[in-house]
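> I'd like to go over a predicted model; first the sequence, then the structure.
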Amino acid sequence: MRFGILLGAMLLLGLGADVRAETSSLVDIVYLGLADTHTYPASMLDAPPRDQGVQGARLGVADDATTGRFTHQSYRLQEVLEANEASILPAFQRAAAAGARLFVTDLPAPLLLKVADLSEAKDSLIIDAADQDDSLRAADCRANVLHVLPSRSMLADALMQYLVVKNWRRVMLVVGRGPADQLYADAVRRSARKFQIRITTDRPWTFNPAAQQADTGHFEINTEVAKLTQGTSYDVLVVADEAGAFGDDLSYRTTDPRPVAGTQGLVPSAWARPFDEYGATQLQARFLRLAHRWMTDRDYGAWLATRAIGEAATRAASTDPKAIAAYMRSKEFELAGFKGAPMSFRPWDGQLRQPVLLADARSLVSISPQPGFLHQFNQLDTLGIDQPETQCHIH
Amino acid sequence: MPHPLIRKALFCLAVLLCAPFLAASASAERIFVSNEKDNTITVLDAQSLKVVATVPVGARPRGILLSKDGKSLYICTSDADHIEVLDLATLTVTRTLPSGPDPETFALSPDGKTLYVANENDNMVSVLDIPEGRVTTEIPTGIEPEGMAVSPDGKTIVNTSETTSMAHFIDAKTHQVVANVLVGSRPRFAVFNADGSRVWVSSEVGGSVAVIDAATHKVLHTIHFAIPGVPTEAIQAVGITLSKDGKLAFVALGPANRVAVIDTQTFEVKKYLLVGQRVWHMDLSPDGKILYTANGVSNDMSVIDVPDLKVVKSVPVGQLPWGVVVGP
């Protein structure tokens, strides 16, 4: 760990004296992630916070510890943030050697797989709090990994269900150049087929986004978007631009007046700033107080992951990582994630089933599943990959 | 089957015939509904079910309670961070009491002198001395304290905390937490039965009701709900009202738009009554024959005939009705 920033801040929550007196009642959680390097955002507004994720974990463990006061369970969050990818595997090995078995990770998918495949990870529980990749829930699924944020398929299904309800059945799809944009677009295409939405035009975005920063650059973008959206008929423009390079530049510039949805505009997401229903006001307020900024999806993911551990420890009345992991995967497990319906892990791919919010920057538009989309067992399973179609055969 | 029109006529006749009985039982009562979104209390005449006044109060009124002398209504004005006292003779707010931040619900001691207030944003229960008008103690509980109840003898306070999913039993004298009972996810409401032997606790996300033995702090029974055609996720147990004779429990099921009627001996659900949308809290008429429900999304109040277990009427009130109280 030459360059590793080991924020070994052993955040000891709960009653210090108790922990030493009865060490068996301690739940040790390791948060493992890459320290955010500063990136230039496409817009000067809303620069991405550099402590995304870890703040959610801090709040989740603080929540767990409050409950723990009554159950005589203590919680300790160990924050391990490494500056580069090469340090992640050794950091995991060190933590596992020191006895840690419960991990919350914020890592890119290929690195997550390397961690999960370590021999030291065999009897650990890894809760992936950041990735949306469908592959991690399919061919690349791992028995020791659970996922708390919605997959891209779930996000796309949430949006397509809403388009069906609105009867906006013709979509123009505009796809960015990044690999993540391709994955997002694939999810939209699959979901469109599933919900009988017609993609009338499917176009890549090839324009150089640097024009935004130039004086009079907005003329160029206007012309480009007008050109791109000519000669086609559609109800809604769906954009796949996960990095936020151009998606915000589409609205109001299309040739026909059409709304924008997808990664920008009307966005399907796990969490959203304008969301205040189902007691969400309380979670938003608690997070604001702690982090002095709004909660992002990655914060929410880390909060869900640490709360899932706490909830399982409370209900199983145990601090044994094995018992916690077993309870979390059981039918009895249910997590209150401030979105109404109780959440639980799908046994077939380790995905946390949950409602998906549809919101723009300033207002909550809807919550999927939409009424009327029915399911034999759990309506939440109308979002994402259901048991009969799963390609994960490990769980 | 008679012709629909004839049936309609017969129904009208029945209502006309029944009206005097309803009226007799309702005498000069009034109904008070707190409207979370338009910052008002709707006052209805219980006999005519007509709105007689709409009283502006502080921001986000939620929990409401009648004082023991029946002269005032206590109102948790959550976003104003205090409790307001509405004088029922003049229908004006005459006094403001401190409560700690974000008061949502509360319970009154049997002597009428102490309010126990759940501060949702603060993980605290505030103990409020009403004559002195000050918070004397704060009791730390779980995350997002919500439901509050006081035992009939005044010796025990129960508080539910939503994210901790527990009912905390608190000694009213020492203010110490004596027991923590794990219940379904997001417990919203707690109520003692008349003899104080049991506590009923509803869980919103768990969609269940736990009946707890007040002496042993053990969950005696957990009641689950199933309504054909309603997804289980929509069944969210919130308000609970026990009938005057103690034989029935009414449980408001939120977005399931129904009130479940439960036999308190067998814990069987006898019936689901279809009411307005997102039914939240309820109250009984003094004779126990009529149940009123506050329906948050449809902005109305449903009127339920208790002996018949039938919903007889719905009355428009303010925006996002939260609580309902029957008073003089």
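Cool, the structure landed. Numbers count the residues shown, from 1 in each chain, chains lettered A, B, ... in the order given.
> you'd agree A:Ala326 is in a helix?
Yes: secondary structure assignment (DSSP: H, G, I helix; E, B strand; the rest coil) places A:Ala326 inside a helix.
> Could you give the backbone dihedrals for the residue nearest to it when sequence neighbours are not counted?
The spatially closest residue to A:Ala326, leaving aside those adjacent along the chain, is A:Ala316, at 7.4 Å (CB to CB, 6 or more residues apart in numbering or on different chains). All C-beta spots, glycine's among them, are computed from the backbone N, C-alpha and C. A:Ala316 has phi and psi values of phi -80, psi -10 when expressed as degrees, to the nearest 10.
> State the number of residues packed around the spatially closest residue to B:Thr232 that is not a sequence neighbour.
Closest residue in space to B:Thr232, ignoring its immediate chain neighbours: B:Gly207 at 6.3 Å, by CB to CB, 6+ apart. Residues within reach of B:Gly207, counting by other CB atoms under 10 Å in any protein chain shown, total 26.
> B:Gly207 contacts B:Val238, correct?
No: with contacts counted by CB atoms under 8 Å, B:Gly207 stays clear of B:Val238, the gap being 10.3 Å.
> Give me the common contacts of the two.
When CB atoms under 8 Å, 6 or more residues apart in numbering or on different chains defines a contact, the residues bordering B:Gly207 and B:Val238 alike are B:Leu253.
> So which bits of chain B are right by chain A?
Within chain B, the positions adjacent to chain A are B:120-121, B:123, B:142-144, B:162-166, B:168, B:177, B:180, B:182, B:185-186, B:204-207, B:231-233, B:236, B:255 by CB under 8 Å from any CB of the partner chain.
> remind me which residues of chain A are low pLDDT?
Residues of chain A that meet the criterion pLDDT under 70 lie in A:1-24, A:37-42, A:209-213, A:395.
> Report the contact partners of the spatially most central residue of chain B.
The geometric centre of chain B, computed from its C-alpha atoms, lies nearest to B:His281 (CA atoms, centre = their mean), at 3.9 Å. Contact partners of B:His281, counting by CB under 8 Å, 6+ apart, are B:Phe189, B:Val238, B:Gly239, B:Ala252, B:Thr293, B:Ala294, B:Trp322, B:Gly323, B:Val324.
> how deep is the last one tucked in, by neighbour count?
B:Val324 has 27 neighbours, counted by other CB under 10 Å.
> next one: B:Thr96
B:Thr96 is surrounded by 15 other residues when neighbours are defined as other CB under 10 Å.
> That one belongs to a helix, doesn't it?
No: following the definition three-state DSSP, B:Thr96 is strand and is not counted among the residues of a helix.
> That one bridge partners, please.
B:Glu84 (DSSP bridges).
> Does it touch B:Asp81 like I think?
No: at 10.3 Å, B:Thr96 does not count as touching B:Asp81 under the criterion of CB under 8 Å.
> Look at the closest residue in space to B:Asp102 that isn't next to it in sequence and give its secondary structure.
The spatial neighbour of B:Asp102 that comes closest, neighbours along the chain excluded (CB to CB, 6+ apart), is B:Asn121 at 4.0 Å. The three-state assignment at B:Asn121 reads coil, by three-state DSSP.
> Please list the residues of the stretch 1-150 of chain A that sit near chain B.
Contact residues, the stretch 1-150 of chain A versus chain B (CB under 8 Å from any CB): A:Asp63, A:Thr66, A:Thr67, A:Phe70, A:Thr71.
> element containing the fourth one?
Spelled out, that is A:Phe70. According to DSSP states H and E, A:Phe70 maps onto helix A:54-71.
> I am finished for the moment; much appreciated.
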